[in-house]
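J.: Could you work out the structure for the sequence below:
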Amino acid sequence: MRAMVLRAPAPADARPLRAEEVERPRPGPTELLVRVAACGVCRTDLHVVEGDLPPVRPAVIPGHEVVGRVEEVGSEVSTFAAGETVGVPWLHRTCGRCEYCRTGRENLCEAKQFTGYSVDGGYAEYVLAEEAYALRPPEGDPVRLTPLLCAGLIGYRALKVVLPRLGGRIGFFGFGGSAHLTLQLAARLGYETVAYSRNPAHLALAQRLGATETVLTAGPAARPRAPSLDSAVVFAPAGETVLEALREVKRGGSLSIPAIHMTPIPPIDYDRLLFGERKIQSVEANTRADAAEFLDLARRLRLETAVSARPLAEANEALQDLEHGRVVGAVALDCRGG
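T.: Sure thing, here's the model as predicted:
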């Protein structure tokens, strides 16, 4: 099968993924063999490719926002059948036995495995998924569904942990694939939403998707503001953005950080930015319960995805676009041909 393979981490501009013919995987007893229709290109993929997340195997096929059709099922699979549409997310498998798995916090399992990092992912014609962790996405174009499988899931969990009172004001810092879904969700659930970005094109998208307000954070239009947010979610993986967000959060407010990797956070002025019962919480992956809740909301609230597509062979170019801020919304690989 065709696949884009990472054999050594390197900057995206060095085009580290190589197009190769590799053996098609065979499903184990509890696995699904999925023919990939589309795979989103997520910032986590960029962290894998560039080595911000240290390699855990000699070579890997990245990609974990996968939508495809079940081609074959293992001997013990009972909940999926050949021909069904399936979503393959970042969380590939957990141990099921540790204190975290036993208490509904499987996202914190220390033995968990990840699609496109611990095991091969969806920058390929086929991928394997564990039956218990595979998802049922809404109906629709596979390319447009891809951001729901990670960007939407992690954004949903990050939103849940900081939700203020109904009607409260929530800020979104860094307006990419995850924020463009999470802002819609918050707005449709009855919250005020404020999008912050250095990129005017990102803010234009936020406005179209229903943002209460947009704030340009760079250039002559940027200016100091009085704290007005009840909550904030920092999607940008830049430590200094945490300080930008804290300056906007009111006393008693909460801030979540769903980044899997982030540059160092500068020293925090406790008296000015943290005192007053402000809270900061990191968010790691998501549970299967989170996924079920979010996908149900995505269906019922008809969340819109803004996705540009490239063929599988242009995975390096897609990563470069993401690295250099040329993606508005999300980007995905169409793996159905070419």
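
J.: I'd say R15 and N316 touch.
T.: Yes. Here R15 lies in contact with N316, judged by CB atoms under 8 Å, at a distance of 4.3 Å. From N, CA and C alone the C-beta is placed, and that goes for glycine too.

J.: These two: who's more crowded?
T.: The neighbour comparison of R15 against N316 (other CB atoms under 10 Å) goes to N316, with 19 against 14.

J.: residues contacting that one?
T.: Going by CB atoms under 8 Å, 6 or more residues apart in numbering, N316 touches M4, A12, R15, P16, L17.

J.: In this protein, which helix is the longest?
T.: Ranked by number of residues, the top helix in the chain under DSSP state H is helix 288-301.

J.: buried stuff in it?
T.: For helix 288-301, the neighbour count (16 or more other CB atoms under 10 Å) marks R288, D290, A291, E293, F294, L295, L297, A298 as buried.

J.: From E139, how far out is the second one?
T.: Separation of D290 from E139 (CB to CB, to the nearest Å) stands at 21 Å.

J.: And A12, by the same measure?
T.: Distance from A12 to E139, by CB to CB: 33 Å.

J.: More neighbours: which of the two?
T.: Legend: neighbour count by other CB under 10 Å for A12 and E139, higher for A12 (21 against 8).

J.: which of the contacts of N316 sit farthest apart?
T.: Spatial extent of the contacts of N316 (CB to CB) is set by the pair M4 and A12 at 12.5 Å.

J.: Domain map for the chain?
T.: 2-149+286-334, 162-282 (automatic domain parsing).

J.: okay if I get these as CSV plus mean pLDDT and distance to G155?
T.: Shown next, in CSV, are these (pLDDT from 0 to 100; distance: least, CB to CB, whole Å):
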stretch, mean pLDDT, distance to G155
domain 2-149+286-334, 97, 8
domain 162-282, 95, 3
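
J.: could those go into a markdown table alongside distance to Y156?
T.: Shown next, in a markdown table, are the domains of the chain (distance: least, CB to CB, whole Å):
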| stretch | distance to Y156 |
| --- | --- |
| domain 2-149+286-334 | 4 |
| domain 162-282 | 7 |
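
J.: quick one on the thing from earlier: now the longest helix of the chain - C-alpha only, CSV.
T.: Extracted in CSV, the C-alpha atoms of helix 288-301 (Å, rounded to 0.1, in the frame of the first residue of the first chain):
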residue,chain,number,x,y,z
ARG,A,288,-14.0,7.6,24.9
ALA,A,289,-16.9,9.1,26.9
ASP,A,290,-15.7,12.6,25.7
ALA,A,291,-15.7,11.3,22.1
ALA,A,292,-19.2,10.0,22.3
GLU,A,293,-20.5,13.2,23.9
PHE,A,294,-18.8,15.5,21.4
LEU,A,295,-19.8,13.5,18.3
ASP,A,296,-23.4,13.5,19.5
LEU,A,297,-23.2,17.3,19.9
ALA,A,298,-21.5,17.7,16.5
ARG,A,299,-24.5,15.9,14.9
ARG,A,300,-27.2,17.7,16.8
LEU,A,301,-25.7,21.2,16.6
